[in-house]
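> Return a 3D structure for these sequence lines:
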Amino acid sequence: MVGLRAFRCYRKIEVPYTRKSKYKKKNYVRSFPNHKIARFEMGTKKEYSHIVKYISKGSLQIRHNALESARLVVLTRFTEFLGTNFFLRLNIFPHHALRENKMLGGAHADRLQTGMAHSFGKVVNVAAQLFEGKTLFTAYVDKAGVESAKKALEAAGPRLPGKYAVVIEENTKKVVLS
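Numbering: from 1, shown residues only. Got it, this is the predicted structure:
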């Protein structure tokens, strides 16, 4: 059943597991899978009048493939609505290792398993930890593009776990992106 029970072991935020080791000691991650996020900054770097932020309403973990899917749909919407007159930044990085104790299922597979005796698990995925109030996406746009930016950021909602809010601010500091 893919519903409330799916991915239960990855919902709870724990201490980020990022440790690597040169030596083959127990309880160290020997290798990390590569994340699939292509770019963290997109658009034209210049001075914009407004900042539109996509902020988390709760604490959660987001896997790298969900982040990439949301980034692609947001970037597509931005280019549809605004062309190249925007700057978009993905503010979080997937660094937390998700481990899994793989089990064999099938006939006569019980001789190959150790069960829970050595259940540290192998790294199968990486995720970003996002706490309440943390910004996921930041978009810099001019006044004419604020509503379009809001719609584009809201399109990421169905591809991400959790709930988010869109916050619009004026760029009073006049940050020049370079």
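
> Pick out the residue nearest the middle of the protein.
Taking CA atoms, centre = their mean, the centroid of the chain lies closest to residue 67, which sits 3.9 Å from it.

> Neighbours of the nearest residue to that residue once chain neighbours are set aside, how many?
Once flanking residues are discounted, residue 67 sits nearest to residue 37: 5.8 Å by CB to CB, 6 or more residues apart in numbering. C-betas here are computed from N, CA, C, even on glycine. Residue 37 has 18 neighbouring residues, counting by other CB atoms under 10 Å.

> same deal with residue 171?
The number of residues near residue 171, taken as other CB under 10 Å, comes to 15.

> That one reaches residue 140, doesn't it?
Yes. Assessed by CB atoms under 8 Å, residue 171 is found in contact with residue 140 at 7.0 Å.

> So for the two, which residues contact both of them?
Taking CB atoms under 8 Å, 6 or more residues apart in numbering as the contact rule, residue 171 and residue 140 both touch 48, 50-51.

> top of those residues by neighbour count?
residue 48 (23 neighbours).

> Let's see the pLDDT reported for that one.
The model reports residue 48 with a pLDDT of 92.

> How about the contacts made by it?
For residue 48, the contacting residues are 86-87, 140-142, 171, 177, by CB under 8 Å, 6+ apart.

> you'd agree residue 149 is up against residue 86?
Yes. The pair residue 149 / residue 86 is scored as a contact, 6.8 Å apart, by CB under 8 Å.

> picking up where we left off before, just name the closest of the shared contacts of residue 171 and residue 140 to residue 73, please.
Ranked by distance to residue 73 (CB to CB), the shared contacts of residue 171 and residue 140 are led by residue 51 at 20.4 Å.

> That closest one belongs to a strand?
Yes. Looking at residue 51 with DSSP: H, G, I helix; E, B strand; the rest coil, it is inside a strand.

> quick one: it from residue 92, how far?
Counting by CB to CB, to the nearest Å, the gap from residue 51 to residue 92 is 17 Å.

> neighbour count winner among residue 149 and residue 86?
Ranked by neighbour count (other CB under 10 Å), residue 149 and residue 86 place residue 149 first, with 28 against 24.

> which residues touch residue 44?
84-87 are the contacts of residue 44 under CB under 8 Å, 6+ apart.

> The same query, at a cut-off of 10 Å, please.
82-87, 140, 177 (CB atoms under 10 Å, 6 or more residues apart in numbering).

> How about residue 39?
Residue 39 touches 68, 71, 75, 88-90, counting by CB under 10 Å, 6+ apart.

> Buried ones in the helix or strand residue 81 falls within, by neighbour count?
For residue 81, the element it lies in under DSSP states H and E is helix 64-82. The neighbour-count check on helix 64-82 (16 or more other CB atoms under 10 Å) flags 64-71, 73-75, 77-78, 81-82 as buried.
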